[in-house]
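Colleague: missing the sequence, but the structure's below:
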């Protein structure tokens with residue numbers, strides 16, 4: 001598989017480093033019972049059960065980034081399975097975003 005240099009950097013940064021950093025940060029916040037939502041002009045911190053619902057947003061973003069920037073260019077898995085991961089991640093993003101809006 002012959003990839004251009006910018007694609008290798010994109011895979012490394014947007015496909016691995018950014019999702020793993022976001023995943024680690026989200027898990028660390030969840031261990032303390034919190035979740036963060038960054039809006040336009042404000043940062044909202046959710047606690048206890050609300051945090052678990054809002055964290056679905058960030059888990060979905062991690063899944064989307066990993067699927068789009070890592071799995072797609074490397075073609076490690078079948079197209080249908082990658083699309084399934086992407087759709088499941090989008091469901092998580094939508095449910096987490098809805099929770100963040102409703103639970104304010």
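Modeller: Yep, that arrived. Here the structure is a predicted model, which means the values were calculated and not measured.
Colleague: identify the residue nearest residue 58 in space, chain neighbours excluded?
Modeller: Nearest non-adjacent residue to residue 58, counting by Cβ to Cβ, 6 or more residues apart in numbering: residue 26, 4.4 Å away. (Glycine included, C-beta is placed from N, CA and C.)
Colleague: now the one you found: how far from residue 4?
Modeller: Distance of residue 26 to residue 4, given as Cβ to Cβ, to the nearest Å: 31 Å.
Colleague: those two: which is more packed in?
Modeller: Shown here are residue 26 and residue 4; by other Cβ atoms under 10 Å, residue 26 has more neighbours (22 against 9).
Colleague: what sits up against the host helix or strand of the more buried one?
Modeller: In this structure, residue 26 is located in helix 18-31 according to DSSP states H and E. Contacts of helix 18-31 with the rest of the structure, by Cβ atoms under 8 Å, 6 or more residues apart in numbering, involve 35-36, 51-52, 55, 58-59, 61-62, 65-66, 70.
Colleague: and the helix or strand hosting residue 89, how far from the chain's centre?
Modeller: Assigned by DSSP H and E, residue 89 belongs to helix 79-102. Using Cα atoms, centre = their mean, to the nearest Å, we find the averaged C-alpha position of helix 79-102 to lie 9 Å away from the chain's own average C-alpha position.
Colleague: who does it touch, helix- and strand-wise?
Modeller: Counting contacts by 3 or more Cβ pairs under 8 Å, 6 or more residues apart in numbering; DSSP states H and E, the secondary-structure elements packed against helix 79-102 are helix 48-66.
Colleague: pLDDT below threshold where in this protein?
Modeller: Scanning the chain for pLDDT under 70 picks out 1.
Colleague: ok, back up a step: ok, so of the contacts of helix 18-31, who is nearest residue 92?
Modeller: Nearest to residue 92 among the contacts of helix 18-31, counting by Cβ to Cβ, is residue 59 at 5.4 Å.
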